[in-house]
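Asker: got a predicted model here, sequence first, then my questions.
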Amino acid sequence: MSGVKGKESESDMAKKSTETLVGVFVLLGIIALAFLALKAANLASFSAAKTYTVRARFDNIGGLKKNAPVRSAGVSVGQVTSITLDKNTYQGLVIMKINENVQFPVDSSAKILTAGLLGDQYIGIEPGSDDKNLANGDLIKQTQSAVVLENLIGQLIFNKAADAGSSSTPAPGASLAPAPAASAAASGSKK
Amino acid sequence: MIGFVNTLGQATLRAFTALGHATYFSVDLMRYTPASFRRFGLVIAQIYAIGYRSLTIILASGFAVGCVLALQMYYALVPFGAAESLGLVVNLSLVRELGPVVTALLFAGRAGTALTAEIGLMKAGEQLSAMELMAVDPRSRVLAPRFLAGIVSMPILAILYSAIGILGAWLIAVELIGVDPANFWSIMQSKVDITRDVGNGIVKSAVFGVICTGIALYQGYETQATPEGVAYATTRTVVFSSLAVLAMDFILTAMMFSTS
């Protein structure tokens, strides 16, 4: 009788240890998931830290993307939450959230900058000098658009054409100027 | 000519019969699986056999793959001055592709074969018939707990594989080569998305868990009740599971990561 009982408790023990080992297995999985989420992915950036939203309109947002960082003096202070086209002004409307412990004066300016020569674009905020700070939902009025390489090249050609034009004949878009420069000058003068 | 047409007809009929069998089998498996929540002790015992006992091979493989990836990627990235992106490259390859896929292939070899052989031998020893005689449905008593255990175990194993792989890469990159540790982690954190990358990887591995366990159980359940039959079934388990996982991985990758 006691032998049967002993055997029963033995199998119970085995069951217990199996359950414990499965518990260890699942626990290891949870730890690994936490490691992946917090240390190796961006879950930590969804932190519960309070934020406030700020809007800004840009003539050209370039290659700015959602979730791009918002930096001030190079330090990350927030994130871009949405980018849409403002239907009234035909400008890019960028909505960003900024950590609540970082406050900027109302006359701060926002620029779209590039990290490195070919890196991702981000928003840089330069603080102004006003006493009042930006509140939730405020608009940053002074903005500077992204630098678009094609426009820079166009400008360069236009300047060269203007130089060439002023040295030969005063009239811009003169027939003496080389063909691409002339067309650039013409399109420039239309603006 | 008649002989050829006859063979063709036979082959077609066999193929469709097998397809029908497999379909009925999967439907049954799905139907009986919820019931195994009520017999969770059986599922736990199977998670121990399928999941816990696969830990050694999964962890060893993940660690080795992480180390090797880090070493190789370092030589590819250094000429571009992008050695700090090493962690990102290793992380994305592991979390999105290698973690789920290699875990599934190892799982098919380590746990799938064991399932097929076990159930095949149960069938050969007429244990399954004996259960049916006792009015116990072997599909709900034997197959369903194993199926559920496989689906639960696979994502856990894949997560562990990725995590230990990243640790291996960290060991090689930061401790051995001397990549800046702060950049190693921060580039990873800024570019790896929790839902798009980690989440989709987990979904993938759950799908692979269904595929691998389902194929292993089907091969075991439908095996010819002879030693050769069990041997063939075991081989087929590995071959079919691996091919199905690779094909499914392509489809899932195209669906998950094409738009981003």
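Answerer: Sure thing, it's come through.
Asker: which element is the residue most central in space within chain B on?
Answerer: Nearest to the geometric centre of chain B sits B:Ala104, at 2.4 Å (C-alpha atoms, centre = their mean). Assigned by DSSP states H and E, B:Ala104 belongs to helix B:99-107.
Asker: check B:Gly150 too.
Answerer: B:Gly150 is part of helix B:144-170, with elements assigned from DSSP H and E.
Asker: just the angle between that helix and helix B:99-107, please?
Answerer: For helix B:144-170 against helix B:99-107, the angle by axes from the mean of the first three to the mean of the last three C-alpha atoms, to 10 degrees is 120 degrees.
Asker: excluding chain neighbours, what is closest to the closest residue to chain A within the stretch 1-150 of chain B?
Answerer: Per C-beta to the nearest C-beta, B:Tyr52 is where the stretch 1-150 of chain B lies closest to chain A, at 4.3 Å. All C-beta atoms are positioned from the backbone trio N, CA, C, and that covers glycine. In this structure, B:Tyr52 finds its nearest non-sequential neighbour in A:Phe25, 4.3 Å apart by C-beta to C-beta, 6 or more residues apart in numbering or on different chains.
Asker: could you report the neighbour count for that neighbour?
Answerer: 21 (other C-beta atoms under 10 Å in any protein chain shown).
Asker: the inter-axis angle of the strand or helix carrying it versus helix B:144-170?
Answerer: Assignment of secondary structure by DSSP H and E places A:Phe25 within helix A:2-38. Put simply, helix A:2-38 runs at 50 degrees to helix B:144-170, going by the same axes, to 10 degrees.
Asker: and after helix A:2-38, which helix or strand comes next?
Answerer: Per DSSP H and E, helix A:2-38 leads on to strand A:51-58 as the next helix or strand towards the C-terminus.
Asker: can you tell me the element A:Gly78 falls in?
Answerer: Using DSSP H and E, the element containing A:Gly78 is strand A:75-86.
Asker: again, but for A:Lys65
Answerer: A:Lys65 is located outside every helix and strand, with elements delineated by DSSP H and E.
Asker: what about it, distance to chain B?
Answerer: 11 Å (C-beta to the nearest C-beta, to the nearest Å).
Asker: ok, now which ones touch A:Phe25?
Answerer: For A:Phe25, the contacting residues are B:47-48, B:51-52, B:55, B:153, B:156, by C-beta atoms under 8 Å, 6 or more residues apart in numbering or on different chains.
Asker: pick the one among those closest to A:Lys97.
Answerer: A:Lys97 has its nearest neighbour among the contacts of A:Phe25 in B:Ile156, at 34.4 Å by C-beta to C-beta.
Asker: contacts only, for the nearest residue to that closest one once chain neighbours are set aside.
Answerer: Nearest residue to B:Ile156 in three dimensions, chain neighbours excluded: A:Gly29, at 3.5 Å (C-beta to C-beta, 6+ apart). Going by C-beta under 8 Å, 6+ apart, A:Gly29 touches B:155-157, B:159-160.
Asker: residues of chain A that sit close to chain B?
Answerer: Where proximity means C-beta under 8 Å from any C-beta of the partner chain, the interface of chain A facing chain B comprises A:15, A:18-19, A:21-22, A:24-26, A:28-29, A:32-33, A:35-37, A:39-46, A:69.
Asker: ChimeraX command for the buried members of those residues?
Answerer: The ChimeraX selection below is limited to those of these classed as buried (16 or more other C-beta atoms under 10 Å in any protein chain shown):
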select /A:18,21,22,25,26,28,29,32,33,35,36,37,39,40,41,42,43,69
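Asker: I'd say B:Gln46 and B:Leu143 touch.
Answerer: No - between B:Gln46 and B:Leu143 there is no contact under C-beta atoms under 8 Å: 10.4 Å.
Asker: contacting residues around the nearest residue to A:Leu113 once chain neighbours are set aside?
Answerer: Distances taken as C-beta to C-beta, 6+ apart put A:Gly124 closest to A:Leu113, at 4.5 Å, once the chain neighbours are dropped. Residues in contact with A:Gly124 (C-beta under 8 Å, 6+ apart) are A:71-72, A:110-113.
Asker: just the closest of the residues you listed to chain B, please.
Answerer: Using C-beta to the nearest C-beta, A:Arg71 comes nearest to chain B of the contacts of A:Gly124, at 12.2 Å.
Asker: elements contacting the strand or helix carrying that closest one?
Answerer: Secondary structure assigned from DSSP H and E places A:Arg71 in strand A:69-72. Counting contacts by 3 or more C-beta pairs under 8 Å, 6 or more residues apart in numbering or on different chains; DSSP states H and E, strand A:69-72 packs against strand A:75-86, strand A:121-126.
Asker: re earlier: make a markdown table from the contacts of A:Gly29 and add neighbour count, pLDDT and distance to B:Asn183 to it.
Answerer: As requested, the contacts of A:Gly29 are exported to a markdown table (neighbours: other C-beta atoms under 10 Å in any protein chain shown; pLDDT from 0 to 100; distance: C-beta to C-beta, whole Å):
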| residue | neighbour count | pLDDT | distance to B:Asn183 |
| --- | --- | --- | --- |
| B:Pro155 | 24 | 95 | 30 |
| B:Ile156 | 27 | 95 | 30 |
| B:Leu157 | 33 | 95 | 30 |
| B:Ile159 | 28 | 95 | 25 |
| B:Leu160 | 26 | 95 | 26 |
